[in-house]
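>>> Sharing a model prediction with you, sequence too.
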Amino acid sequence: MSTIRPFEKPLGMRDTLPTIFEKKESIRQIGREFLLGRGFEFIKTPTLEYYETVGKSSAIKESNLFKLVDSQGNTLVLRPDMTTPIARIATTKLLNEKIPLRLAYFSNVFRAQELEGGRPAEYEQMGIEIIGDDSVYADCEAILTTIEFMKTLEIATFKITIGHAGILDAIIRKNVDDEQQYSVLHQLLVDKNYVGFEEAVHSFNLAPEQATILFAFLQEATELTNIRQISKFLYDKDMFIYMEQLASVLEIANALDYIDFDFTLASHMNYYTGMLFEVFAENTGYPVGNGGRYDGLLQEFGYAASAIGFALRIDQLLEAMPKKQLTVDTVLVLYVATQFEKALKTTASLRRQGRRTTMQAIEGIDDIARFEKNFSAVVRIAQGGIDNDY
Amino acid sequence: MTTNQLTIAMPKGRIFEEAYDMLIDAGFDLPKTMDISRKLMLEIPGENIRFILAKPTDVPTYVEHGVADIGIAGKDTLLEQQRKVHELLDLKISNCHIASAGLPQTKLDDIAPRIATKYPNIASAYYREIGEQVEIIALNGSIELAPMIGLADRIVDIVSTGQTLKENGLVEYDYITAVSSRLIANPASYRMKNKRITDLVRRLKKCVK
C-alpha cells in the first residue's frame, strides 16, 4: 500500500463541484415538483442498515456491499439500493396507514469499489415505489412516470425495454432438465451473452424439441414485432395476458413510441417477479435506470404485498440531458471598509429583488480584477459613492 | 455519438482483414482494399459507419464505455476481462483454444504450483474449478519461456496450431476452452440503435462459416 497523497479520495468516490452540483440540484428540483405533482410522497432512510435484513434481502451481490461492524458486533452495510429499505419501512410502518402507497426518493447508494475508472462506488438515484397495487395500471404508471420525467428533462431520444421475469422463468424452466441448467441460462441472459446461451443449450444434451424451442425463443424474442409471438412459448397464458393488457394500456397512453418489448430481458436484481424494464438514452453508454415488479420482497419483511418501482441514476440523466450552460445572474458588491453600512443596505435591496449577491470587502482580496470576473455584475462602493454597472 | 452513425471497434492486425472481408460478404459497401497501417479511424460515409482501429485486447473497453457501439473481440479477451458488453454473434474466425502446457512428463509442484500466463483470470478460474490452488505469474509475451527456464510448471496460453509449443519442446496438457472472434455490443447502443445492430447481426450470421 503506497502512502495516500493529499488530493486522493477512496476508490470510486467523487466530489461534486459547484457547477455539477447546480446541474444535479436542478434535476432534483424538477424531479421533486414532478413527483409531488403525481401524488408521490418523499422519504429518506438511513445510510447504514443491518446486513442481516436489508443487506441480505437486497439484490446486490454480497461482494458488492460495503460492510462494517458496529460497536455491538452487528454487521452493517452502506445502503446498496433504496428498494429494500423502503420495503422495510413500508411493511413495518407505512402500510398500516395508506394502501396503495406512492413513495419517492432522492438518495445515494453504495456499491463496492471497482478497480477501473468510470464506475463510481457511490451515486445518486431518484426513484419511486408503488406499494400495495398489483394491477397492470400500477405497472403502467411506473412506466409512464419514467417516460414523462425523461421528457420533462428534455431528453429527446430514449428507449424503455420491457420484459417479464416470470415469463422468462417459465419458458426456460419448461425447456431444461434441472435447476443448474436454468441458472446457467438465466445468468447468460443477464449478461446478454447470446453466443454463450446457444453454446450452453448445445452442451446440455436436451431433448431436441426443448433445444429447438429455446433457440426459436432467443431468435424471436430479440426481434419481436408483436408480443403475440411469445404466446406460443407459454403453457400458462396468465402472465402473457397480463403483458398484453399492459401493452394495450400503454397504447392508450400513447407511450408505445418509447417502448420495446424484449422477453429475454433478465436482471441481476433477483427480487423482480413480474414486469421489469430498463431505460437507455442517447449520449450515454450505460443504462440510465431500471425498474420492475417485486412481489416477494415485502414478504421477507413480514407483510405480503405487491410492489413496483424504478430508479434512475442522476449522473446518467445528466449525461443524457441536452447540454445547457446554466446562466445565473450574480452580483458582487465590492466595498471599502468605511462604507460598510451603505454596502449592507445596497446588498439587502439587491437580495430583496431576488438577485444572488455576494458582499466582499476590498480589504479582504488581493487581485480585485480577477475576482470580479466571476460575477455578471459588479457594484463598487468607495469613499466617493456608488459606481455600478448593474 | 451521432444519432445514426454506427461506430465499430475493430482489432488491428490479422483479425481485421478477416472481419472486414466478412462485412463485405454481408453486403456492406466498403472499399475493397484498405491501407490501415497507420490509421486509427476510418469513416465510411456511404454506410454511415465509422471504424476505430484498436489493439485487440482494448476492443471490449471501447465498447463497454460506449465510445464504440459494437466491436469484434476474441473470446479470450472477453473471458479475461469480464466486461459489461453483450455478446451477440460468434463469427467463427481466428479459431483457436486456450490450453495449459508444460515440459513433457512433468507434474505440478506439490507445494506451490506456478502458472505463467497472460490470462491471469482465466488461469486462476480454471485451476480453482479443477480443485488446484496455484500461484499465477503474469507475463505479457513469450510465455513459452517460463517452463523452459524454470519460472513456472505450466503455462496457460492460446494455442492455434500447436507449432510454437512444439518448437519450444512443450506439450499441451489440458484443453481449457475454445476461442474465436465475437461480435459484441454496448448495452445502451444495443437498445438505442437496435434496428441497425440486429440487421448487421442478421446479415453477418449468414456469412458465418
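Perfect, thanks for sending it. Note that this is a predicted model, so its numbers are computed, not measured.
>>> Check which helix or strand the closest residue to B:L30 other than its chain neighbours maps to.
Sequence neighbours aside, B:I24 is the residue nearest to B:L30 in space, at 5.5 Å (criterion: C-beta to C-beta, 6 or more residues apart in numbering or on different chains). All C-beta atoms are positioned from the backbone trio N, CA, C, and that covers glycine. Counting by DSSP states H and E, the secondary-structure element that holds B:I24 is helix B:14-25.
>>> contacts for that helix?
Outside of helix B:14-25, the residues that reach it under the criterion C-beta atoms under 8 Å, 6 or more residues apart in numbering or on different chains are B:10-11, B:30, B:32, B:34, B:36, B:53, B:56, B:72, B:74, B:91, B:93-94, B:181, B:204, B:207-208.
>>> Make a ChimeraX selection of the buried ones in those residues.
Typed into ChimeraX, the line below selects the buried ones among the contacts of helix B:14-25, using 16 or more other C-beta atoms under 10 Å in any protein chain shown:
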select /B:10,11,30,36,53,56,72,74,91,93,94,181,204
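>>> From the contact counts, what lies against the strand or helix carrying A:V249?
Here A:V249, judged by DSSP H and E, is contained in helix A:238-252. For helix A:238-252, the elements it packs on are helix A:136-152, strand A:158-164, helix A:165-174, strand A:259-261, strand A:275-281, judged by 3 or more C-beta pairs under 8 Å, 6 or more residues apart in numbering or on different chains; DSSP states H and E.
>>> Would you mark the buried spots in the helix holding B:I24?
Neighbour-count burial for helix B:14-25, with 16+ other C-beta under 10 Å as criterion, is recorded at B:I15, B:F16, B:A19, B:Y20, B:M22, B:L23.
>>> Take those residues and lay them out in a markdown table including pLDDT.
Listed next are the buried residues of helix B:14-25 as a markdown table, based on pLDDT from 0 to 100:
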| residue | pLDDT |
| --- | --- |
| B:I15 | 88 |
| B:F16 | 90 |
| B:A19 | 91 |
| B:Y20 | 91 |
| B:M22 | 93 |
| B:L23 | 93 |
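>>> Check those residues and tell me the two furthest apart.
Greatest spacing in the buried residues of helix B:14-25, by C-beta to C-beta: B:I15 and B:L23 (12.4 Å).
>>> okay, and for the chain, where does confidence drop off?
Here I'm looking at chain A. Chain A contains residues with pLDDT under 70 at A:1, A:113-118, A:385-390.
>>> That was the other one, I meant chain B.
In chain B the weaker segments, taking pLDDT under 70 as the threshold, are B:1-3.
>>> quick one: the residue in it positioned nearest to chain A from A:L103, how far?
The shortest separation between chain B and chain A is 1.6 Å, found at B:G66 (distances taken as C-beta to the nearest C-beta). According to C-beta to C-beta, to the nearest Å, B:G66 and A:L103 sit 32 Å apart.
>>> Repeat that for A:L317.
With C-beta to C-beta as the criterion, A:L317 and A:L103 are 20 Å apart.
>>> Name the residue in those two with the higher neighbour count.
Applying other C-beta atoms under 10 Å in any protein chain shown to A:L317 and A:L103 shows that A:L317 carries more neighbours, namely 25 against 21.
>>> any idea which helix or strand carries the more buried one?
When elements are defined using DSSP H and E, A:L317 is found to belong to helix A:314-320.
>>> which helices and strands sit right next to that helix?
Secondary elements touching helix A:314-320 (3+ C-beta pairs under 8 Å, 6+ apart): helix A:18-36, strand A:122-131, strand A:275-281.
>>> what about 7 Å?
Using 3 or more C-beta pairs under 7 Å, 6 or more residues apart in numbering or on different chains; DSSP states H and E as the contact test, the elements touching helix A:314-320 are helix A:18-36, strand A:122-131.
>>> Put the alpha carbons of it into PDB.
The C-alpha atoms that make up helix A:314-320 are tabulated as PDB, following Å, rounded to 0.1, in the frame of the first residue of the first chain:
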ATOM      1  CA  ILE A 314     -28.800  11.200 -11.600                       C
ATOM      2  CA  ASP A 315     -25.300  11.100 -13.200                       C
ATOM      3  CA  GLN A 316     -26.500   9.300 -16.200                       C
ATOM      4  CA  LEU A 317     -29.500  11.600 -16.600                       C
ATOM      5  CA  LEU A 318     -27.100  14.500 -16.600                       C
ATOM      6  CA  GLU A 319     -25.100  12.800 -19.400                       C
ATOM      7  CA  ALA A 320     -28.300  12.300 -21.400                       C
END
